[in-house]
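Engineer: got a predicted structure here, sequence first:
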Amino acid sequence: MKRHLFAVMLTLFVVLMPLAIQAKSVHAQAITNAYGIVTAFRLNVRDYPDPTYGAVIARISRNEFYLVTAKSALNNWWQIQLADGRFGWVNGGYFTVYDGYLAPVITPAPVVSNPSPQPIPAPTGALGTVATGSLNVRTAPNPVNGVILARVYAGEVYAVVGRTASMSWWQIRLVDGRVGWVSDRYLDVTNYGSVPVTG
């Protein structure tokens, strides 16, 4: 009987010991990373740890868990890894972190402010200068059928790309690339000799 009991105990030891070692290994592995849970109903994930300069790249929901990969110097922002593999920052006020001491402090590169707009090159060829306070630019050379698509203002200069046969309307190119028609009465045109008839 004792021999049988010893054999059973030895068998259990041999079978269960590797499982216990594996469980210990898995537990040790689990606590090597910080993790956190969302406490807000919806939480913005940003590409930079700042609500003004950080663009929203995703939104996550309450009670979702995420791996924490880094933290800001003040511990008020946490970098997490999303399910799709991307990394982003969440505000610590809406995200409870566990084992946060394991997350390294990183200082992300500052957001570059919007660069100064490049000057628009001056148009060449036929030019038209607006000679009234405000001038409607229309989709067709006709005040009845031409829908207003923009307004241009006194002193502004535009490239003239077309005209009517009577030269009573000019087709100009706006700064956004669209073209439209303006009345000859309110546009002073130079170098119009090569302007083709387009309407």
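Structural biologist: Perfect, thanks for sending it.
Engineer: hey, let's count contacts and neighbours off CA atoms from now on
Structural biologist: OK.
Engineer: once you drop chain neighbours, what's closest to R173?
Structural biologist: V179 (4.4 Å; CA to CA, 6 or more residues apart in numbering).
Engineer: my bad, should have said N33
Structural biologist: L102 (6.2 Å).
Engineer: gap between that neighbour and W170?
Structural biologist: 69 Å (CA to CA, to the nearest Å).
Engineer: higher neighbour count, the two?
Structural biologist: W170 (30 against 16; other CA atoms under 10 Å).
Engineer: okay, the more buried one and L135: tell me how far apart.
Structural biologist: W170 is 12 Å from L135, by CA to CA.
Engineer: same question, A70
Structural biologist: 56 Å.
Engineer: more neighbours: these two, which one.
Structural biologist: Comparing A70 with L135 by neighbour count (other CA under 10 Å), the higher total belongs to A70, at 25 against 18.
Engineer: thought that one was touching I80?
Structural biologist: Yes: using CA atoms under 8 Å, A70 is in contact with I80, at 7.2 Å.
Engineer: please name the residues that touch the spatially most central residue of the chain.
Structural biologist: With distances taken as CA atoms, centre = their mean, A55 lies nearest the centre of the chain, 5.8 Å away. Shown in contact with A55 (CA atoms under 8 Å, 6 or more residues apart in numbering): R46, D47, Y48.
Engineer: which neighbours do W170 and L135 have in common?
Structural biologist: V182.
Engineer: distance of the nearest residue to Y158 once chain neighbours are set aside from L135?
Structural biologist: Once flanking residues are discounted, Y158 sits nearest to G128: 5.3 Å by CA to CA, 6+ apart. To L135, G128 is 12 Å away according to CA to CA.
Engineer: what's the closest non-adjacent residue to T107?
Structural biologist: In space, T107 is closest to S72, 6.5 Å off (CA to CA, 6+ apart).
Engineer: list the contacts for the one you found?
Structural biologist: Here S72 is in contact with P49, W78, V105, I106, T107 (CA under 8 Å, 6+ apart).
Engineer: state the distance from the second one to T190.
Structural biologist: Distance, W78 to T190, using CA to CA: 61 Å.
Engineer: who's more crowded, the two?
Structural biologist: Using other CA under 10 Å as the criterion, W78 and T190 rank with W78 on top: 29 against 13.
Engineer: give me the beta-bridge partners of the more buried one?
Structural biologist: K71, V90 (DSSP bridges).
Engineer: start the count at 15 instead of 1 going forward.
Structural biologist: With the count now opening at 15, the last piece we talked about shows up as W92.
Engineer: tell me who's in contact with it.
Structural biologist: Applying CA under 8 Å, 6+ apart, the residues contacting W92 are P63, V82, T83, A84, K85, S86, W103, V104, N105, G106.
Engineer: mind doing that once more with 10 Å?
Structural biologist: Contact partners of W92, counting by CA atoms under 10 Å, 6 or more residues apart in numbering, are 49-50, 59, 63, 81-86, 102-106, 109-111, 114, 117, 119-120.
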